[in-house]
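*Asks:* Kindly return the folded structure for what I paste below:
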Amino acid sequence: MADTSDTRTPAQIEADIRARRTVLAETLDEIGVRVHPKTIVGDAKAKVVANVDHTLGKAYVQVNRVVSDVRAKFVDEEGAPRLERVVPAALLVVGVVGLLALSARRRKS
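*Replies:* Have a look, this model is predicted:
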């Protein structure tokens, strides 16, 4: 059987009830804040921003790595251009630009 004897005074019981009401009210307030649409939207925005920042950070690292790799192919350790690679690349670019210009000219005619 459960012990039903309570040695607390009515004033102590009322104080316990008030304390529990206060805790319950705080809990309900916290739940209200958590399920409020502005809180939910704010949390969602924060998650999206964090994901975008993370993705942009990874993309920046990748682009930086690619640029460094390309630069290493066209510039030596001392920073001087590698003419044996720069000249053919420049000729290729000039050729492609020339072909595009001719193609555009033919379309206009």
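*Asks:* list the buried ones in the helix of greatest length in the chain?
*Replies:* Among the segments of the chain that qualify as a helix by DSSP state H, the longest is helix 37-74. For helix 37-74, the neighbour count (16 or more other C-beta atoms under 10 Å) marks no residue as buried. The way it works is simple: take the backbone N, C-alpha and C, and place the C-beta from them, glycine included.
*Asks:* What helices and strands are in contact with whichever helix or strand comes after it?
*Replies:* Next along the chain after helix 37-74, taking DSSP states H and E as the criterion, comes helix 83-108. The contact analysis (3 or more C-beta pairs under 8 Å, 6 or more residues apart in numbering; DSSP states H and E) places helix 83-108 against helix 37-74.
*Asks:* how far is the helix it packs on from where the chain is centred?
*Replies:* Distance of helix 37-74 from the chain centroid (C-alpha atoms, centre = their mean, to the nearest Å) equals 6 Å.
*Asks:* Please apply the same query to stretch 31-45.
*Replies:* 19 Å.
*Asks:* Now it - C-alpha only, CSV.
*Replies:* The C-alpha trace of stretch 31-45 is given here as CSV (Å, rounded to 0.1, in the frame of the first residue of the first chain):
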residue,chain,number,x,y,z
ILE,A,31,7.3,25.6,-25.2
GLY,A,32,5.4,28.6,-26.6
VAL,A,33,8.6,30.3,-27.7
ARG,A,34,9.9,27.1,-29.3
VAL,A,35,6.7,26.5,-31.4
HIS,A,36,6.1,30.1,-32.3
PRO,A,37,6.3,30.6,-36.0
LYS,A,38,8.9,33.3,-35.8
THR,A,39,11.2,31.0,-33.8
ILE,A,40,10.7,28.2,-36.2
VAL,A,41,11.4,30.4,-39.2
GLY,A,42,14.4,31.9,-37.5
ASP,A,43,15.8,28.5,-36.7
ALA,A,44,15.2,27.4,-40.3
LYS,A,45,16.9,30.5,-41.7
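*Asks:* helices and strands around the longest helix of the chain, which ones?
*Replies:* helix 83-108.
*Asks:* Domains of this structure: list them as residue ranges, please.
*Replies:* 10-74, 81-109 (automatic domain parsing).
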